[in-house]
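Participant: how would this look folded up:
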Amino acid sequence: MSTSAHAIQQEASHAIPWPIRAKGPNLLRLVTTFVGTIGFVAMMIALLTHLSTYSVATFIRMPVQQNVSTTVKQQSAQTASQVLTRINQSDLNQYSSQAEHDTWWPSTCSTASLVEVMNSYGRQYKITDVLKVESHIGAITVDSGLLYPDGIDQTAKQFGFTTNTLKDPSLDQIIDMANKGQPVIVNFPPETWPGGHFLVVLGGETIDGTHLVHLADSSKLNMQYMKVGTPSQWGTFLYYWKGLAKVLTPQSGSQATTAANSQYSVIGKPTLSVDFINQVLANYQSPAAGRGQALYDLGVKYQIDPAFALAFFLHESTMGTAGEAQTTLSLGNLRCIPGAACINTDGTACQQNQNCYAAFPTWEAGFEAWYQLIRNLYVRQWNLVTIDQIIPTYAPSSDNNNEQGYISSLKHYLDTWRAGQLRP
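Facilitator: Purely as a prediction, here's the structure:
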């Protein structure tokens with residue numbers, strides 16, 4: 001099988017010149033916009049959203065409520081609003097490096113909101129993934145955060161989402177939309193919240209007679225519930241929010257379509273056990289037999305379901321028993337890449353204009369190269385996550401591949417194994 005998998009080095013080919021970290025606002029100028037001690041304290045607390053650390057318990061007057069016991073609405077399936085997981089924008093693990101974290105974390109509330117919503121539809125992005133796109137298109141800076149509202153639309157489009165900017169919505173409309181399953185990204189502008197802030201509305205609830213907005217807030221405040229209030233009532237949602245609201249939808253057009261395709265999305269937790277993977281390898285008398293733990297662990301590391309790695313392995317070389325994989329120890333018959341030997345199909349060193357492949361010292365090294373290629377290039381850079389999206393680039397017809405046949409075969413393998421059968 002001839003495969004035109006693209007080189008891993010493209011994943012790191014576009015370095016982004018990170019700006020110098022922003023300094024804090026002029027506190028004296030901000031203080032003059034408040035009257036009296038209470039106003040000053042309130043301002044300082046709000047400012048900590050982006051610039052410092054503190055305990056939620058010190059959040060004076062803001063009606064943040066933790067661990068509220070509520071009755072979950074009975075629905076046939078969990079919606080995006082229900083599965084959305086809050087992201088901490090100051091979490092180092094959300095960034096590619098300490099330097100990226102230190103430079104950007106105070107300014108990534110819009111980025112975190114995008115990640116939270118997109119991941120609620122089955123994606124598995126981190127802040128660093130979205131930040132690279134958001135900054136590359138000039139929608140965000142360290143000093144100012146998101147520069148213009150359409151930056152959310154432009155960034156989301158790069159990840160396969162369309163954005164609906166609601167026109168003059170009421171809070172009731174937003175809450176109703178979120179309660180029905182669609183999270184809503186909202187903004188507290190600089191005139192009501194120092195520096196401005198983006199967060200996500202998950203719905204609304206009434207607890208002990210108090211009307212609350214349910215939120216996912218990436219800042220260190222971690223606001224979960226806020227009183228609805230009135231536009232003139234400080235410390236309430238309507239005081240801070242001035243109407244900006246955006247709803248993201250996967251470009252497939254419906255959550256049902258997304259859910260139907262999710263079984264063939266490479267990103268996700270393992271759907272096959274280590275023992276079953278080893279049984280499949282042994283059944284095909286693979287030279288990689290017994291290495292199911294490595295396939296499984298690398299899948300967890302790169303957040304790729306190892307069932308897909310196994311399916312590619314079967315299709316490309318019948319689990320390493322046929323073709324160039326017998327020599328290259330390459331799970332996916334990868335073309336030559338940095339960090340790996342480049343050899344001809346007969347095992348000799350590659351010469352110019354020859355049909356050459358990447359070769360690895362161990363099966364484990366070959367496994368990891370495939371996971372890196374899929375995760376870092378196909379998923380993170382090209383936003384290709386399903387078999388149907390990946391194969392036309394991975395094994396195009398221009399390389400004498402049957403794209404639809406490849407796609408159908410992979411799906412058949414996956415369906416068979418997930419049904420507990422060793423052979424399709």
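Participant: At the geometric centre of this structure, which residue do we find?
Facilitator: What sits nearest the mean C-alpha location of the chain, by Cα atoms, centre = their mean, is Y125, with 1.3 Å.
Participant: where does it land in three-state SS?
Facilitator: coil (DSSP: H, G, I helix; E, B strand; the rest coil).
Participant: Just grab the bridge partners of N164 for me.
Facilitator: Using DSSP bridges, the bridge partners assigned to N164 are V247.
Participant: how about stretch 401-420: buried residues?
Facilitator: Neighbour counts over stretch 401-420 (16 or more other Cβ atoms under 10 Å) mark 401, 403, 406-407, 409-410, 413-414, 417 as buried. Placement of C-beta: from N, CA and C, glycine included.
Participant: again, but for stretch 178-186
Facilitator: By 16+ other Cβ under 10 Å, the buried positions in stretch 178-186 come out as 178-179, 181-186.
Participant: go on, stretch 290-310?
Facilitator: Buried-residue list, stretch 290-310, by 16+ other Cβ under 10 Å: 291-292, 294-299, 302-310.
Participant: Mind listing residues that contact stretch 358-378?
Facilitator: Applying Cβ atoms under 8 Å, 6 or more residues apart in numbering, the contact partners of stretch 358-378 are 5-6, 8, 10-11, 266, 287-288, 291, 294-295, 298-299, 301-304, 308-309, 312, 320, 327-332, 334-337, 340-343, 384-385, 390, 393-394.
Participant: what's the average pLDDT for it?
Facilitator: Here stretch 358-378 scores 93 as its mean pLDDT.
Participant: So in that sheet, which strands flank the strand ranked longest in the chain, and in what orientation?
Facilitator: Counting residues, the longest strand found in the chain (DSSP state E) is strand 197-207. Next to strand 197-207 in the sheet, as set by DSSP bridges, lie strand 184-188 (antiparallel), strand 210-216 (antiparallel).
Participant: Tell me which of those sits most buried.
Facilitator: Mean neighbour count (mean count of other Cβ atoms under 10 Å) peaks for strand 184-188 among these, with a mean of 24.
Participant: Need the residues that contact it.
Facilitator: Contacts for strand 184-188 (Cβ under 8 Å, 6+ apart): 110, 113-114, 117, 149, 152, 166, 174, 177-178, 196-201, 240-242, 244-248.
Participant: Mark which of those are buried, thanks.
Facilitator: The neighbour count (16+ other Cβ under 10 Å) marks 110, 113-114, 117, 149, 152, 166, 174, 177-178, 196-201, 240-241, 244-248 as buried among these.
Participant: Could I get the phi/psi values of the nearest residue to V213 once chain neighbours are set aside?
Facilitator: Leaving aside its chain neighbours, V213 sits nearest to F237 (4.6 Å; criterion: Cβ to Cβ, 6 or more residues apart in numbering). Note on F237: backbone dihedrals following degrees, to the nearest 10 are phi -60, psi -50.
Participant: burial measure for F237, as a count.
Facilitator: Neighbour count of F237, defined by other Cβ atoms under 10 Å: 27.
Participant: G196 versus that one, what's the distance?
Facilitator: Applying Cβ to Cβ, to the nearest Å, the value for F237 to G196 is 15 Å.
Participant: Ok, V117 next?
Facilitator: For V117, the distance to G196 equals 18 Å [Cβ to Cβ].
Participant: Same question for A311.
Facilitator: A311 sits 46 Å away from G196, going by Cβ to Cβ.
Participant: swap in A419?
Facilitator: Distance, A419 to G196, by Cβ to Cβ: 51 Å.
Participant: now the strands for the stretch 101-250 of the chain?
Facilitator: Secondary structure of the stretch 101-250 of the chain by DSSP state E, counting those that start in this stretch: the strands cover 140-141, 145-146, 161-165, 184-188, 197-207, 210-216, 225-227, 245-250.
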